[in-house]
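# please find the sequence and the predicted model below.
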Amino acid sequence: MDVTKAIGRGVVVAALIGACAGCETESASLVHREALADVHEYGVTECPQDLGVVEVELGDDASGPVTLSLAEDIIAIDVLDPELAWPINDDWSITIEPGQVLTFAVQFNCGSTDDVAGRIDLELTPRGGGAALDSVSIPIALDVQGAP
């Protein structure tokens, strides 16, 4: 899949499939790796500006829970906790059970007058720890126009 394909205000699905927590042959993976991209025009576009969502699902066929870690360090971008709708800290993790779906809203918080670029990093690991099963970086690009 082309990681640079911009879908603007769309849904990025990172489906976690076939996880086997604690097994020697882990088969969980992150799929559908596309970019979130948009344009922000100062004085016209609403603040904060919704850029889209990142949806993560652990398939029903997974043999056990896994840990999802999420990191982003873009000053003007907020990734919101799926339960509290507050911006998450730079590094954050949660346990996902088979069949569970998490949806993270991604917003431009208007904290920059320059174009914004960066990525959201997702990593999947066995719940008990160990080597990463898979990871993905979702690019974010925001063209900021008309700033003072």
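Alright, I've got the coordinates. Just so it is clear, the model here is predicted, and its values are computed rather than measured. Residues are numbered from 1 along each chain as shown.
# local confidence estimate at D2?
Per-residue pLDDT puts D2 at 28.
# what does P48 give?
94.
# tell me the contacts of the residue positioned nearest the centre of the chain?
Centroid-nearest residue in the chain: V54, 4.6 Å away (criterion: C-alpha atoms, centre = their mean). V54 makes contacts with V12, A14, L36, V79, T103, F104, V106, I120, L122, I138, as judged by C-beta atoms under 8 Å, 6 or more residues apart in numbering. Where you see a C-beta, it was placed from the backbone N, CA and C, and this is true even at glycine.
# in strands, which of those residues appear?
Counting by DSSP state E, those place V12, A14, L36, V79, T103, F104, V106, I120, L122, I138 in strands.
# closest to S93 among those?
Closest approach to S93 among these (C-beta to C-beta): L122, at 10.3 Å.
# end-to-end on stretch 71-78?
End-to-end distance for stretch 71-78: 11 Å, by C-alpha to C-alpha, to the nearest Å.
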